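> test case, fold it:
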Amino acid sequence: MGDRTSAVSGRDVGRLLLRCEDRPGLVAAVSGFLTGHGANIISLDQHSTAQSGGMFMQRTIFHLPGLTAVRDALERSFAEDVACEFGMDFRLTEAAKPKRVAILASREDHCVLDLLWRNRRGELDMSVVMVIANHPDLADDVRPFGVPFIHIPAHKGIRAEAEQRQLELLRGNADLVVLARYMQILTPRFIEEVGCPLINIHHSFLPAFIGAAPYRRAKERGVKLVGATAHYVTDDLDEGPIIEQDVVRVDHRHDVTDLARLGADVERAVLSRAVLWHCEDRIIRFGNQTIVF
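Presented below is the predicted three-dimensional model:
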């Protein structure tokens with residue numbers, strides 16, 4: 001699978017992700033197309049869900065001089081010459097164009113500030129276009145990063161109005177929305193109309209200890225692990241395709257405050273990895289699962 005911590009980026013580097021029913025000749029068709037258009041393949045990762053009759057997924061990184069100028073024509077040619085024949089779903093992106101990322105937050109700061117810090121250090125190749133929060137608490141913390149902070153009050157009683165204001169800001173301006181401990185339920189209408197994927201971070205392994213006071217409930221249950229799950233958002237609350245998970249061991253000496261602190265550390269790490277992999281086009285969704293190359 002390769003080292004997910006390293007990435008090939010820069011001018012004239014393209015990323016081609018595809019998914020289709022498995023059959024002989026897929027790799028040859030893709031490689032032949034890219035070679036025929038003057039591209040040099042840098043890396044190629046693939047996965048089939050079965051030896052035969054399964055689904056095939058592939059991530060190809062290639063270098064093509066002048067890619068920006070020919071990208072649209074290359075995409076059209078691939079759709080006509082390859083994707084149509086094999087029934088492929090695909091996307092073609094340029095590594096040199098960071099994804100526009102919007103962050104939704106509430107009062108907890110550990111995830112949103114970690115993402116902003118990693119982005120400033122160059123660890124996350126993305127352009128953070130805005131932070132939207134339903135409380136004003138984090139405004140002073142976000143300001144030093146030079147990212148617009150927008151306070152839109154949101155709770156059950158005004159959910160429709162709040163989501164409409166959020167959609168007006170997000171539609172057409174974001175390639176990804178990250179819920180950095182945004183403590184509000186999103187409606188199916190919002191998820192459908194926002195026009196881009198959403199990633200959420202959830203304390204614990206889903207579906208364990210969902211809802212309020214998860215670390216208190218975990219302590220009462222006597223858990224030996226606390227963890228976090230990053231997943232894509234769907235209409236089914238906290239049931240979307242899982243991108244990444246991790247845990248840290250705990251024992252009887254840890255109180256609820258300790259569990260929350262250790263859990264926050266895991267949440268930061270898991271969310272940052274999920275966002276990184278999405279921004280590097282490493283993820284292909286397959287049903288309610290993800291393939292992460």
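
> go over the secondary structure and confirm A230 is in a strand.
Yes - using DSSP: H, G, I helix; E, B strand; the rest coil, the secondary structure at A230 is a strand.

> how many neighbours does it have?
Residues near A230, counting by other Cβ atoms under 10 Å, number 26. All C-beta spots, glycine's among them, are computed from the backbone N, C-alpha and C.

> contact partners for it?
Neighbouring residues of A230 by Cβ atoms under 8 Å, 6 or more residues apart in numbering: 199-202, 242-245, 270-271, 273-275.

> beta partners of it?
With DSSP bridges as the criterion, A230 is bridged to I201, E244.

> look at it and report its pLDDT.
At A230, the model reports a pLDDT of 95.

> need the worst-confidence member of the contacts of A230.
Among these, H202 has the lowest pLDDT, at 88.

> confirm for me that it is in contact with D238.
Yes - judged on Cβ atoms under 8 Å, H202 makes contact with D238 at a distance of 5.7 Å.

> more crowded one of these two?
Set side by side, H202 and D238 show more neighbours around H202, with 26 against 16, by other Cβ under 10 Å.

> chain neighbours aside, what residue packs nearest to the more buried one?
Of all residues not flanking H202 in the chain, T229 sits nearest, at 4.8 Å (Cβ to Cβ, 6 or more residues apart in numbering).

> cool, P148 as well?
Using Cβ to Cβ, 6+ apart, the closest residue to P148 is M130 (4.7 Å).

> so that neighbour makes contact with L104?
No - the pair M130 / L104 is not scored as a contact, 9.5 Å apart, by Cβ under 8 Å.

> all strands for the stretch 101-250 of the chain, in order.
For the stretch 101-250 of the chain, the strands defined by DSSP state E, counting those that start in this stretch occupy 126-133, 149-151, 176-179, 198-203, 225-232, 242-249.

> looking at the contacts of A230, which is nearest G157?
N200 (22.4 Å; Cβ to Cβ).

> any idea how far the closest one lies from P241?
11 Å (Cβ to Cβ, to the nearest Å).

> the more surrounded of these two?
Per other Cβ under 10 Å, whichever of N200 and P241 has more neighbours is N200, with 24 against 17.

> and the closest residue in space to the more buried one that isn't next to it in sequence, what are its bridge partners?
In space, and not counting its chain neighbours, N200 is closest to L179: 4.2 Å by Cβ to Cβ, 6+ apart. Bridge pairing for L179 (DSSP bridges) gives the partners L104, N200.

> coming back round to it: between N200 and P241, which contacts overlap?
Taking Cβ under 8 Å, 6+ apart as the contact definition, N200 and P241 share the neighbouring residues H231, Y232.

> do a quick rundown of the helices in the stretch 151-293 of the chain.
Counting by DSSP state H, counting those that start in this stretch, one finds helices in the stretch 151-293 of the chain at the ranges 159-170, 188-193, 214-221, 256-279.

> among those, which comes closest to S52?
Where those are weighed against each other on Cβ to Cβ, the nearest is helix 256-279, at 28.7 Å.

> okay, that closest one in PDB with CA atoms only?
C-alpha atoms of helix 256-279 as PDB (Å, rounded to 0.1, in the frame of the first residue of the first chain):
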ATOM      1  CA  VAL A 256     -13.000  10.900  33.300                       C
ATOM      2  CA  THR A 257     -10.800  13.900  32.800                       C
ATOM      3  CA  ASP A 258      -7.900  11.700  31.800                       C
ATOM      4  CA  LEU A 259     -10.000   9.800  29.300                       C
ATOM      5  CA  ALA A 260     -11.200  13.000  27.700                       C
ATOM      6  CA  ARG A 261      -7.600  14.300  27.500                       C
ATOM      7  CA  LEU A 262      -6.300  11.100  26.000                       C
ATOM      8  CA  GLY A 263      -9.300  10.800  23.700                       C
ATOM      9  CA  ALA A 264      -8.700  14.400  22.400                       C
ATOM     10  CA  ASP A 265      -5.200  13.400  21.400                       C
ATOM     11  CA  VAL A 266      -6.500  10.500  19.400                       C
ATOM     12  CA  GLU A 267      -9.200  12.600  17.800                       C
ATOM     13  CA  ARG A 268      -6.700  15.100  16.600                       C
ATOM     14  CA  ALA A 269      -4.400  12.500  15.100                       C
ATOM     15  CA  VAL A 270      -7.300  10.500  13.400                       C
ATOM     16  CA  LEU A 271      -9.000  13.500  12.000                       C
ATOM     17  CA  SER A 272      -5.800  15.000  10.600                       C
ATOM     18  CA  ARG A 273      -4.900  11.700   8.900                       C
ATOM     19  CA  ALA A 274      -8.400  11.400   7.400                       C
ATOM     20  CA  VAL A 275      -8.300  15.000   6.000                       C
ATOM     21  CA  LEU A 276      -4.800  14.500   4.700                       C
ATOM     22  CA  TRP A 277      -5.700  11.300   2.800                       C
ATOM     23  CA  HIS A 278      -8.800  13.000   1.400                       C
ATOM     24  CA  CYS A 279      -6.800  16.000   0.200                       C
END
